[in-house]
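*Asks:* Please work out how this folds:
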Amino acid sequence: MQPDMQAQLGLGALSMTDGCVSKKPGCLLRQRPDLGLLAVQGDAGDAGFQASFERLFAVMPPDAGQVADSGPLSIARVARCEYLICGRHAHIADLKAREHTSRGDVSCWILDITHGQAIFDLEGHRAHDILAASCGLDMRLGAFPVASATRTRFAHIPAYIERRGLEGFRLVVERPLAVYIRDWIETGMDALR
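*Replies:* I've put the predicted structure just below:
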């Protein structure tokens, strides 16, 4: 967003790293550079994996398409054997250290994917309108309830979407596409009446 547009919107001199990208009536878009991501893979049906998962994350693996909170971490099952863990960088670093020290006892594969991804939070009573206009999923509360997660295509690119609350969503895309997604969402916000 250009500085003159930021001033017109009353946002001041914000950048992508400040966390606030754009605010319009009924919608707030923030990039979340304060959060990190881990990809975890393991067989959900394997007792060893379940025990390792519970030991590392203090929660049983969630069902497909669901999100479980474990303290400061959000844990989503995005495929049969794949989970996405989101949390502040300090918590992600702590998890990686615990996994490293117990490597022989862990029956799963853990990879830090923070630097390859961009995380956005889209909030407000019009957030679902923007998402619905940009992907083929029904984003209404009855069809995509709180603590739901999915992989889909958003604005023609692969994305992960999680419902964080009644009017809040998290969107994760590949980092090189962050500016494209930000511009796409801002255009959608401008079109809201």
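*Asks:* which other helices and strands contact the strand ranked longest in the chain?
*Replies:* Ranked by residue count and defined by DSSP state E, the top strand of the chain is strand 157-165. With contacts defined as 3 or more C-beta pairs under 8 Å, 6 or more residues apart in numbering; DSSP states H and E, the packing partners of strand 157-165 are strand 73-79, strand 117-123, strand 149-154, strand 168-174, helix 178-191. Just so you know, the C-beta spots here come from the backbone N, C-alpha and C atoms, and that holds for glycine as well.
*Asks:* and residue 72, how many neighbours?
*Replies:* Other residues lying near residue 72 total 12 when counted by other C-beta atoms under 10 Å.
*Asks:* That one and residue 88 touch, don't they?
*Replies:* Yes. In this structure residue 72 lies within contact range of residue 88 using C-beta atoms under 8 Å: 6.2 Å.
*Asks:* Got the confidence number for the residue lying closest to residue 129 once chain neighbours are set aside?
*Replies:* Nearest non-adjacent residue to residue 129, counting by C-beta to C-beta, 6 or more residues apart in numbering: residue 192, 6.5 Å away. At residue 192, the model reports a pLDDT of 81.
*Asks:* residue contacts, residue 192?
*Replies:* Under the criterion of C-beta atoms under 8 Å, 6 or more residues apart in numbering, the contact list for residue 192 reads 24-27, 126, 129-130.
*Asks:* With residue 38 instead?
*Replies:* 84-85, 92, 95-96, 110-114.
*Asks:* okay, the helices and strands packed on strand 157-165 in JSON lines with mean neighbour count and distance to residue 40 next?
*Replies:* Formatted as JSON lines, those follow (neighbours: other C-beta atoms under 10 Å; distance: least, C-beta to C-beta, whole Å):
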{"stretch": "strand 73-79", "mean neighbour count": "20", "distance to residue 40": "8"}
{"stretch": "strand 117-123", "mean neighbour count": "21", "distance to residue 40": "14"}
{"stretch": "strand 149-154", "mean neighbour count": "17", "distance to residue 40": "14"}
{"stretch": "strand 168-174", "mean neighbour count": "21", "distance to residue 40": "15"}
{"stretch": "helix 178-191", "mean neighbour count": "17", "distance to residue 40": "23"}
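*Asks:* so which of the ones you listed gets nearest residue 48?
*Replies:* strand 73-79 (17.4 Å; C-beta to C-beta).
*Asks:* which secondary structure elements does the helix or strand following that closest one contact?
*Replies:* As assigned by DSSP states H and E, the chain's next helix or strand after strand 73-79 is strand 82-88. If contacts are counted by 3+ C-beta pairs under 8 Å, 6+ apart, strand 82-88 sits against strand 35-41, strand 73-79, helix 89-101, strand 168-174.
*Asks:* Alpha carbons of the second one, as PDB, please.
*Replies:* Output of strand 73-79 as PDB, limited to C-alpha atoms (Å, rounded to 0.1, in the frame of the first residue of the first chain):
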ATOM      1  CA  LEU A  73      -0.600 -23.000  19.500                       C
ATOM      2  CA  SER A  74      -3.200 -23.600  16.900                       C
ATOM      3  CA  ILE A  75      -3.100 -27.100  15.500                       C
ATOM      4  CA  ALA A  76      -5.000 -28.000  12.300                       C
ATOM      5  CA  ARG A  77      -5.300 -31.300  10.500                       C
ATOM      6  CA  VAL A  78      -5.100 -30.400   6.800                       C
ATOM      7  CA  ALA A  79      -4.800 -33.900   5.300                       C
END
